[in-house]
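>>> Structure of the sequence below:
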Amino acid sequence: MASLGKIARRTFLFGAAAIAGGVAFGYYKYSQPFENPLEKDLLPGEGTLNAYVKIGPDNRMTVIVPRAEMGQGVTTTLAALVAEELDVRLDQLTVEHGPAAPAYYNRAALSEGAPVPRFDEGVVAEALRGTMGVLSKLFALQFTGGSSSTIDAFEPMRRAGAMAREMLKAAAAEKLGVAAASLKTAEGRVSDPASGRSLSYGELAADAARMSPPADVPLKPRSAWTLLGKPQPRKDMRAKVTGAPVYGVDVALPDMVHATIRMAPLPGQRMVKMDTSAAKAMRGVIKIVEIDSPLGHGFGVIADNSWRAFQAADAVTVEWEKPARLPDPETVRADLSAAYKTASPASLRTLGDPDKVMASAAPGSILEAEYFVPYLSHAPMEPMNATARFKDGKLTVWAPNQSPSVIQMVGSRITGLAADQIEVHTTLLGGGFGRRLEPDFSDYAIRLALQSEGRPVKVIWRREEDMGHGVFRPAAIGRYRAVLGSDGRPSAITGSVASQSVVAGMVGRIAPSVPLAGPDNTMLDGAYNQPYAFAHHRIDAYKAALPVPVGSWRSVGYSFNAFMQECFLDELALAGKVDPLELRRSLLAESPAALGVLNRVAEMAGWGNPPPAGRARGLAYNLSFGTHVAEIVEVSGDPASGIRVEKVWCAADPGLVLDPKIFEAQLMSGILFGLSAAMYQEITFGPDGADQLNFSDYPALRMNEAPAIEIALLETSSFMGGAGEPGTPPSMPALANAVARLSGKRIRELPLAKAVTFA
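Numbers count the residues shown, from 1 in each chain. Now for the predicted structure:
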């Protein structure tokens with residue numbers, strides 16, 4: 001894998017309006033294909049036809065799905081991409097995550113994340129996406145995130161299946177003495193219609209693997225698809241429902257020891273001293289190791305089972321240094337507010353001249369509002385864990401992770417080993433939401449493995465350690481101003497968000513040598529890049545300096561910017577006496593896909609008809625990760641006795657749906673994730689660390705609270721969008737707008753449960 005630091009020091013300007021210096025220096029490297037990592041560990045008689053397909057002589061066909069399966073269905077949909085072109089049934093394929101390798105780098109996440117609105121398909125925007133795509137290959141980072149898995153795999157994995165099919169046909173043509181063009185493929189066999197003879201893929205694989213892949217293979221048109229576009233049985237479901245050991249916490253190896261960690265409770269805090277005498281005397285304790293990592297300071301306990309490690313960790317007494325500045329709620333708000341005075345504003349897109357309109361506005365025509373969102377935890381059901389072994393000059397890591405490339409980078413930094421001496425096994429993930437992009441849980445496991453004398457060590461965090469030691473979704477303040485015209489509609493809108501930079505935080509932890517410049521577009525995502533046809537509009541970002549580590553949380557900046565901007569639009573509609581749906585329709589008239597989901601969701605919910613007595617509805621729209629989504633939330637009750645979320649209607653347009661049931665499930669998941677955060681969740685800090693350490697004080701929606709959800713999928717958009725995150729952003733403002741209509745009181749701060757009661 002190319003050195004991320006070396007490349008970045010020479011060329012990379014993240015999130016700015018241009019890429020500094022171009023990428024011509026790396027063209028030669030960019031033009032070279034990556035080696036096929038499957039060639040290293042083939043079984044006898046097994047053949048690999050490319051980096052995604054290997055076939056055994058017994059006709060066992062394996063497809064590599066190099067993205068982490070964390071419930072979003074990639075092992076099914078990505079396998080179907082190969083199966084469609086390989087002409088096999090999905091149940092004939094075995095799925096593996098595969099090794100950490102540059103061949104599996106994620107192009108779409110970087111190119112689709114270019115700092116331009118996704119609906120902008122102009123020359124400059126497309127050139128910038130192309131440049132980001134080039135950089136993605138030079139970085140060669142394999143990771144799962146940004147709702148990019150299907151977008152990234154759509155062409156390469158179909159092409160892999162088609163190339164393998166044609167190579168198998170060529171091998172069969174030699175054996176049968178006929179022209180390859182006359183042969184047919186179906187269900188894992190190549191047949192000659194003229195003679196009736198056929199050969200299995202397994203009989204042909206070894207010979208096919210020795211052939212040169214075809215230079216260009218036409219892909220099936222959509223009209224010929226038999227798998228794609230239709231619901232498929234989940235490839236991961238049987239193992240999960242039968243309790244198969246598929247998660248990181250299930251890893252069991254010979255001679256394995258167990259460990260847990262206790263890290264400083266407050267960000268940046270360090271140990272002053274610790275007393276381990278009582279813990280060392282406990283049964284089963286093998287070793288207590290100080291952990292001094294750039295990611296945290298604390299200790300790990302190695303024992304003969306996890307429970308004894310937990311008990312011993314509780315028996316260690318530690319004196320922690322007093323923090324220079326406690327990130328309590330008051331300090332967080334003060335530091336975010338201070339950023340408006342100390343940080344330089346950054347903007348990525350300006351429509352018209354909003355400042356001029358503001359300056360000439362008539363008295364009383366300017367509306368202002370301030371919004372606040374708190375820190376949030378990812379809170380996956382499977383706590384952080386990793387198993388590591390350092391033996392015979394080789395490091396092996398088993399982990400439920402979203403980026404094996406990052407584990408290799410961290411492992412190399414700790415051990416000094418080259419990437420090819422570090423093997424990463426990616427298990428299924430019991431929830432990710434961006435948390436498992438981070439290297440800390442693998443970092444600590446690797447450091448403990450160095451102290452385990454060649455034995456594998458499985459490190460499991462307790463729930464309290466997990467939730468109290470993010471990274472977290474950043475807190476943010478948003479300040480909005482608008483001028484209302486005589487028609488009751490906004491003639492100019494300005495906004496400013498003060499928050500920490502997710503990109504700076506993540507890059508600083510993973511690749512601290514990478515220099516960053518320009519704005520972080522994730523701070524503005526969900527506000528600057530929406531297809532609303534505002535005449536005058538600008539959103540600024542102010543980077544705040546706080547010690548709390550922040551990172552990617554499901555939908556990243558969209559999660560708070562959508563809340564702020566969509567709530568403000570509702571406030572403007574109320575002030576201007578304009579229906580919220582009609583206001584958005586007029587602003588989205590030039591975006592057919594956006595207008596389409598808005599009209600569809602309004603039709604689904606019967607927006608023009610008043611809701612039943614005691615109920616109210618709220619509406620929100622957002623374009624995120626390439627998918628247009630409009631949602632309407634209906635609530636009932638009252639703020640005093642309790643508000644209940646009754647139903648959510650959702651219309652989404654990702655341009656192309658490869659598996660409608662999986663796409664619907666991901667939208668539902670994102671909606672419930674967003675509603676949980678909007679209603680209940682926050683992370684605050686006191687003198688002893690995070691105040692919320694388990695689901696008892698960081699609740700998610702329970703089944704009896706979950707609303708009915710109705711989904712409609714459209715396919716009119718000109719670009720392909722993702723599924724995992726787009727359901728989350730509009731769910732929060734849609735709920736807040738519904739609560740405002742029900743209660744008559746606008747709540748501008750999350751979670752809403754601080755102001756109203758939910759039933």
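>>> which SS state does the closest residue in space to L587 that isn't next to it in sequence fall under?
Leaving aside its chain neighbours, L587 sits nearest to Y532 (4.3 Å; criterion: C-beta to C-beta, 6 or more residues apart in numbering). Every C-beta, even on glycine, is put in place using the N, C-alpha and C of the backbone. Of the three states, Y532 takes coil according to DSSP: H, G, I helix; E, B strand; the rest coil.
>>> Ramachandran angles for Y532?
When read as degrees, to the nearest 10, the backbone of Y532 gives phi -60, psi 130.
>>> Give me the neighbour count for it.
21 (other C-beta atoms under 10 Å).
>>> wouldn't it be in contact with S586 here?
No: assessed by C-beta atoms under 8 Å, Y532 is found out of contact with S586, at 9.6 Å.
>>> shared neighbours, these two?
Here Y532 and S586 have no joint contacts, going by C-beta atoms under 8 Å, 6 or more residues apart in numbering.
>>> Okay, the nearest residue to E725 once chain neighbours are set aside and A677: tell me how far apart.
Excluding its sequence neighbours, the residue lying closest to E725 (C-beta to C-beta, 6+ apart) is S555, at 4.2 Å. From S555 across to A677, the span is 10 Å (C-beta to C-beta, to the nearest Å).
>>> What of A303?
Taking C-beta to C-beta, one finds A303 at 36 Å from A677.
>>> So which of S555 and A677 has more stuff around it?
S555 (33 against 30).
>>> Going by neighbour count, list what's buried in stretch 471-486.
For stretch 471-486, the neighbour count (16 or more other C-beta atoms under 10 Å) marks 471-485 as buried.
>>> Hmm, I typed the wrong one, I wanted stretch 187-207.
Taking 16+ other C-beta under 10 Å as the criterion, stretch 187-207 shows 188-192, 198-207 as buried.
>>> From S591, how far off is the residue nearest to L587?
Distance of Y532 to S591, given as C-beta to C-beta: 8 Å.
>>> give me phi/psi at T185?
phi -120, psi 140.
>>> thought it was touching R165?
Yes: under the criterion of C-beta under 8 Å, T185 makes contact with R165 at 5.5 Å.
>>> shared neighbours of those two, which are they?
Shared contacts of T185 and R165 (C-beta under 8 Å, 6+ apart): L86, D87.
>>> Burial check on D353, number of neighbours?
With neighbours defined by other C-beta under 10 Å, the count for D353 comes to 13.
>>> That should have said G411, apologies.
With other C-beta under 10 Å as criterion, G411 counts 28.
>>> where does it land in three-state SS?
When classified by three-state DSSP, G411 comes out as helix.
>>> Pull the contacting residues for the residue nearest to R615 when sequence neighbours are not counted.
With C-beta to C-beta, 6+ apart as the criterion, R615 has its nearest non-adjacent residue at 4.6 Å, and that residue is S636. By C-beta under 8 Å, 6+ apart, the contact set of S636 is G614, R615, I643, R644, E646, L742.
>>> distance of the fifth one from P699?
Read it as E646. With C-beta to C-beta as the criterion, E646 and P699 are 19 Å apart.
>>> same thing with the fourth one?
Taking C-beta to C-beta as the criterion, R644 is separated from P699 by 15 Å.
>>> which of those two has more neighbours?
P699 (18 against 14).
>>> And what about the spatially most central residue of the chain, helix, strand or coil?
Geometric centre of the chain, nearest residue: G145, 3.5 Å, by C-alpha atoms, centre = their mean. When classified by three-state DSSP, G145 comes out as coil.
>>> V65: neighbour count?
26.
>>> ok, it - contacts?
V74, T75, L78, A79, V95, E96, H97, G98.
>>> Please repeat the previous calculation with a cut-off of 10 Å.
52, 74-79, 81-82, 93, 95-98, 104, 149, 153, 157, 235-236 (C-beta atoms under 10 Å, 6 or more residues apart in numbering).
>>> Now list the buried members of these.
Listed as buried from those are 52, 74-79, 81-82, 93, 95, 97-98, 104, 149, 153, 157, 235-236; burial here means 16+ other C-beta under 10 Å.
>>> In strands only, show me these.
Mapping these onto strands (DSSP state E) picks out L93, V95.
>>> what helix or strand is I286 on?
Assigned by DSSP states H and E, I286 belongs to strand 285-293.
>>> Give the partner strands of that strand in its sheet and their orientations.
Sheet pairing for strand 285-293, assigned by DSSP bridges, gives strand 296-303 (antiparallel).
>>> In the helix or strand just after the partner strand, which residues are buried?
Following strand 296-303 in sequence order, the next helix or strand is helix 306-315 (DSSP H and E). Buried residues in helix 306-315, counting neighbours by 16+ other C-beta under 10 Å, are found at S306, R308, A309, F310, Q311, A312, A313, A315.
>>> Name the residues contacting each of S555 and A677.
In contact with both S555 and A677: R473, T728, S731, M732, using C-beta under 10 Å, 6+ apart.
>>> Pull out the buried residues from those residues.
Neighbour counting with 16+ other C-beta under 10 Å marks R473, T728, S731, M732 as buried within the shared contacts of S555 and A677.
>>> ok, the second one to P99 distance?
I take that to be T728. From T728 over to P99 the distance is 31 Å, taken as C-beta to C-beta.
>>> cool, the third one as well?
Computed with C-beta to C-beta, the distance linking S731 and P99 is 37 Å.
>>> Spatially, which two of the buried residues of helix 306-315 are the most separated?
S306 and A315 (15.1 Å; C-beta to C-beta).
>>> And V190, how close does it get to A449?
Distance, V190 to A449, using C-beta to C-beta: 47 Å.
>>> List the buried residues for the top helix by length along the chain?
Across the chain, the longest stretch assigned as helix under DSSP state H is helix 149-176. Neighbour counts over helix 149-176 (16+ other C-beta under 10 Å) mark 149-154, 156-173, 176 as buried.
>>> Quick check: mean pLDDT of that helix?
Averaged over helix 149-176, pLDDT sits at 98.
>>> distance between that helix and the chain's centre?
29 Å (C-alpha atoms, centre = their mean, to the nearest Å).
>>> ok, now stretch 195-214?
Going by C-alpha atoms, centre = their mean, where stretch 195-214 is centred and where its chain is centred differ by 39 Å.
>>> Got the phi and psi for S676?
phi -60, psi -50.
>>> So for it, what's the pLDDT?
pLDDT, read off for S676, is 98.
>>> who are the neighbours in contact with it?
Neighbours of S676 in contact, by C-beta under 10 Å, 6+ apart: 376, 379, 698-702, 705-706, 728, 731-732, 751.
>>> Check the gap between it and E634 for me.
From S676 to E634 the distance is 17 Å (C-beta to C-beta).
>>> For the residue lying closest to V65 once chain neighbours are set aside, report the pLDDT, please.
Nearest residue to V65, sequence neighbours excluded (C-beta to C-beta, 6+ apart): L78, at 4.5 Å. pLDDT recorded at L78 is 98.
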